[in-house]
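K.L.:
Based on what follows, work out the 3D shape:
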Amino acid sequence: GQIISAIKRPMQNRPADWQPPSSESSSGLTPAQASLLQALGTATPGQIAYFSAPDLRCLFANQRYAQACGHTPQSILGQPLQDIVSPTTWQTHSTQVQACLAGQEQHYTCTAEGLRGDTRHLEVHLVPHCEQPTAADTPASGVAGSVVGLVALILDTTHRWAAENAAKDHAQRLRKFNDASQEVIIFHQSGVILDANQAAERITGYSIESLRGHNIFDLVHPQDRVRVIGLSRQLYEEPYEAMVLHRDGSCIDLEITGKNLPQPDGSVQRIVVGRDISSRKQAQAQTVFMTQHDLLTGLPNRLLLGDRLKQAIRQTRRRGMHLAVVFIDLDGFKKVNDQHGHGDGDKLLSVLSRRFASVVRDDETLACPGGDEFYAFYAADPVKDCGCFGDAVVLSNGQTFIKNIILLAIALMLLKWPTSMVRFVSKKAQWIVINYTVIFALALSAWSLWDLPLFDFRPYHVGANIAQGMKIPQGAPQPQFETTFILEKNGQQKEFPLDN
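P.N.:
Predicted coordinates for the structure are as follows:
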């Protein structure tokens, strides 16, 4: 405020024949004021100058402004603005200068030719300097608030403009690169999607706008989700494979590579690049299928049959199960080929394989090791009780067989000598026994149906001591448990014990 006042005072009430001050008097300022004003001008990161109003003579200019106009800070003093700048420059800025002389601040940008002939981008600020009213001034005098000068501040923003345009060009190139890429590119931080490209929109079925703010792990198939979350938290950067869910529920195999992008605030963003490998996975599955299946019938061939049979044998040994193997050989098949040709023979094998497969259950294996031979096998738990007497009497397989032999012998004796039976009830009274027997059976069944059975042989019947019944008797064989891992890949299952 003191410096502007010092500039202003020599301008007030000047005569009509006023001449600009010489460089020696430094525009009428004291040496201390002139030195301070020059220091401020030098410290200003731009070109600054002060012009009187309304004649627009330069009363101050710093080194940058004077040099840009082809002057020195001393030689430019007292020069009119129209003589300092070129006619083209004056025509460009005259409208804003006149508006500033009318008391309106002007802030705008423009371009100008630099000293080296290059184009410079400038930010221009024109601020009017209005005189302050004194005690003798009145609002009606018209003196208060009149413009006595203007301050021009010009900032060279060429480097900033170039940097902003370079950043815009880089962002535009990156966007075009992302859109042109066939790979999925997603930026996320802590699982929250920040941006994605057009390929991600095509693979997932979601628009880019709807993907932003979405959790990226929700796009991963539940089978792979836990593994992918763990790799992301470990900031893993090596390629891996995972399945991604499309919006319609279908699955897409991707080869995923994640890279870490450390941020200035210490956080880490991740760029995830995914390549669709569904075609490759299908080709691999087709190759595996062709190497493990008969091409004519589509059944497991000798290689896969041997592998599954080994697994079934290990499973039956571990679990105490039984394994049943059926071998089917087509007799006279050679005559079909000789009489009707190999084409009809192949059709016959295809039809028979489909019929065999239609009667084989899902847990059974049907294979065609080659030619006219078929194999089928099934592993199952043996029947431990015939269930003839319920929980009252539990019979093993051997005991059931002996029971059936005895009952068969009795039935044959009755068939051979029906008249040799000893009668305990006369013919006249036997209807009474039969009726009472039927009534007793029906009554006992109804009682057991609507109420607890009279004779309950179950281990946890009413009144039984459950804690005592759960105790294993001393010396009795202890139960053995075994952990088995089942790996399913490409439609094939393999079992591995804990020690394998």
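K.L.:
Now the phi/psi pair for the nearest residue to Lys281 once chain neighbours are set aside, please.
P.N.:
Spatial nearest neighbour of Lys281, chain neighbours left out: Asp253 (4.6 Å); criterion: CB to CB, 6 or more residues apart in numbering. Just so you know, the C-beta spots here come from the backbone N, C-alpha and C atoms, and that holds for glycine as well. The phi and psi torsions at Asp253 (degrees, to the nearest 10) take the values phi -80, psi 130.
K.L.:
Any figure for the gap between Asp253 and Glu201?
P.N.:
18 Å (CB to CB, to the nearest Å).
K.L.:
Looking at these two, which is more packed in?
P.N.:
Ranked by neighbour count (other CB atoms under 10 Å), Asp253 and Glu201 place Asp253 first, with 20 against 17.
K.L.:
mind checking how far the residue nearest to Lys281 is from Ser52?
P.N.:
To Ser52, Asp253 is 78 Å away according to CB to CB.
K.L.:
swap in Asp381?
P.N.:
Plainly put, Asp381 is 111 Å away from Ser52 if you go by CB to CB.
K.L.:
Mind checking which of the two has more residues around it?
P.N.:
A direct count of neighbours by other CB under 10 Å for Asp381 and Ser52 places Ser52 higher, at 25 against 10.
K.L.:
residue boundaries of the strands in the stretch 251-400 of the chain?
P.N.:
Under the criterion DSSP state E, counting those that start in this stretch, the stretch 251-400 of the chain carries strands at the ranges 251-262, 268-276, 322-329, 365-370, 373-380.
K.L.:
among the ones you listed, which is the most enclosed?
P.N.:
strand 365-370 (a mean of 19; mean count of other CB atoms under 10 Å).
K.L.:
Now do that one and strand 373-380, the angle between them.
P.N.:
Direction vectors for strand 365-370 and strand 373-380, defined by axes from the mean of the first three to the mean of the last three CA atoms, to 10 degrees, enclose an angle of 160 degrees.
K.L.:
Neighbouring strands - and their directions - for strand 365-370?
P.N.:
Taking DSSP bridges as the criterion, strand 365-370 sits next to strand 373-380 (antiparallel) in its sheet.
K.L.:
How far does the partner strand sit from its chain's centre?
P.N.:
The offset between the C-alpha centroid of strand 373-380 and the centroid of the whole chain comes to 44 Å, using CA atoms, centre = their mean, to the nearest Å.
K.L.:
Mind checking the pLDDT average for that strand?
P.N.:
On average, the pLDDT along strand 373-380 is 87.
K.L.:
hmm, who's touching that strand?
P.N.:
Contacts made with strand 373-380 from outside it, assessed by CB atoms under 8 Å, 6 or more residues apart in numbering, are listed as 299, 305, 309, 312, 315-316, 321-330, 352-353, 356, 360-361, 363-369.
K.L.:
What segments of the stretch 1-150 of the chain are helices?
P.N.:
Taking DSSP state H, counting those that start in this stretch to define them, one finds helices in the stretch 1-150 of the chain at 2-8, 31-43, 63-68, 81-84, 87-101.
K.L.:
can I get these in JSON lines with distance to Asp456?
P.N.:
Converted to JSON lines, these look like this (distance: least, CB to CB, whole Å):
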{"stretch": "helix 2-8", "distance to Asp456": "111"}
{"stretch": "helix 31-43", "distance to Asp456": "104"}
{"stretch": "helix 63-68", "distance to Asp456": "108"}
{"stretch": "helix 81-84", "distance to Asp456": "117"}
{"stretch": "helix 87-101", "distance to Asp456": "107"}
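K.L.:
between those, which one is nearest to Ile229?
P.N.:
When the helices of the stretch 1-150 of the chain are ranked by distance to Ile229, counting by CB to CB, first place goes to helix 31-43 at 55.3 Å.
K.L.:
Just give me how far the closest one sits from the chain centre.
P.N.:
Averaging C-alpha positions (CA atoms, centre = their mean) puts helix 31-43 61 Å from its chain's average.
K.L.:
same question, stretch 261-276
P.N.:
Going by CA atoms, centre = their mean, where stretch 261-276 is centred and where its chain is centred differ by 13 Å.
K.L.:
try stretch 453-467
P.N.:
Stretch 453-467 has its average C-alpha position 56 Å from the chain's average C-alpha position, going by CA atoms, centre = their mean.
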